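K.L.:
Okay, structure incoming, though there's no sequence with it:
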């Protein structure tokens, strides 16, 4: 049976030999207090490569395979390590991106904390300022990101194909182009449907059950999940929906890493 990509604070409390990762974006927040033993996995520093031109790959391109493999080794992560990630936005800051990267390396035992740091603190987990000492390991034995990916030309073809689905997980106001807080142009990819990542969560901020997510996406996609391409602003929060699809038992959707941050900087049509 496949491992549920979500772990509750109660389940985490009972788990043994877990490598914890704090995926909040700000180093200062991590230094101010984190779970005991947690390493800091920063989106900009660790989970994306640096780019001067977001029109080619978007604002948060994937790290190189070699760099990420070496980093996992420095963090002491082996293929058998049970990895648990958390952030302060129910997985959407970067914990789901970290989950996706590890899954793309073929790592099986990786989970995201349900409810994030707030749920952990509510459950009684204490924070510390101590920086953990980690026994480094060789680079992680992976040579490519094996999870499904889509490039911009494939997105262009898919948006015209009724047998496929391009899904934008940004908030509805950004999809509608009412305002755009990050990228230079507001709007969305013509033909893309909008299923905000907030739909993955219950009112209390925890993930919906596998059955609820399966019902949601079976109806909302209208095509097999393997025919879907998921994107957001820069390929980070899209991983939240890919995690939800995994929990729902609907694998195979592709991640468009460049997302709107790449698309809007090209001469392709916008809606």
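P.N.:
Nice, I can see it. What you are looking at is a predicted structure, and each value in this text was computed from that prediction instead of being measured. Numbering: from 1, shown residues only.
K.L.:
The stretch 101-250 of the chain: helices as residue ranges?
P.N.:
Along the stretch 101-250 of the chain, counting by DSSP state H, counting those that start in this stretch, helices occupy 116-122, 152-158, 172-175, 210-221, 238-247.
K.L.:
Could you export those as JSON lines, including mean pLDDT, distance to residue 50 and mean neighbour count?
P.N.:
Any C-beta I mention is one placed from the backbone N, CA and C, and that applies to glycine too. Formatted as JSON lines, these follow (pLDDT from 0 to 100; distance: least, Cβ to Cβ, whole Å; neighbours: other Cβ atoms under 10 Å):
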{"stretch": "helix 116-122", "mean pLDDT": "97", "distance to residue 50": "26", "mean neighbour count": "19"}
{"stretch": "helix 152-158", "mean pLDDT": "98", "distance to residue 50": "20", "mean neighbour count": "16"}
{"stretch": "helix 172-175", "mean pLDDT": "98", "distance to residue 50": "24", "mean neighbour count": "17"}
{"stretch": "helix 210-221", "mean pLDDT": "98", "distance to residue 50": "33", "mean neighbour count": "16"}
{"stretch": "helix 238-247", "mean pLDDT": "98", "distance to residue 50": "19", "mean neighbour count": "27"}
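K.L.:
Could you export these as JSON lines, including distance to residue 227?
P.N.:
Shown next, in JSON lines, are these (distance: least, Cβ to Cβ, whole Å):
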{"stretch": "helix 116-122", "distance to residue 227": "31"}
{"stretch": "helix 152-158", "distance to residue 227": "8"}
{"stretch": "helix 172-175", "distance to residue 227": "20"}
{"stretch": "helix 210-221", "distance to residue 227": "8"}
{"stretch": "helix 238-247", "distance to residue 227": "12"}
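K.L.:
Residue 110: which of those is closest?
P.N.:
helix 238-247 (10.1 Å; Cβ to Cβ).
K.L.:
The helices of the stretch 101-250 of the chain: which one's closest to residue 255?
P.N.:
Here helix 238-247 is closest among these (Cβ to Cβ), at 5.8 Å.
K.L.:
Let me see the residues that make contact with the following helix or strand past that closest one.
P.N.:
As assigned by DSSP states H and E, the chain's next helix or strand after helix 238-247 is strand 254-255. The contact list for strand 254-255 (Cβ atoms under 8 Å, 6 or more residues apart in numbering) reads 100, 147-150, 154, 228-231, 235, 238-239, 242.
K.L.:
again with stretch 146-156
P.N.:
In contact with stretch 146-156 (Cβ under 8 Å, 6+ apart) are residues 100, 103-106, 158, 166, 189, 226, 229, 231, 252-258, 262-263, 266, 268.
K.L.:
mind checking how far that stretch is from the chain centre?
P.N.:
16 Å (Cα atoms, centre = their mean, to the nearest Å).
K.L.:
gap between the two ends of it?
P.N.:
This stretch, stretch 146-156, spans 22 Å end to end (Cα to Cα, to the nearest Å).
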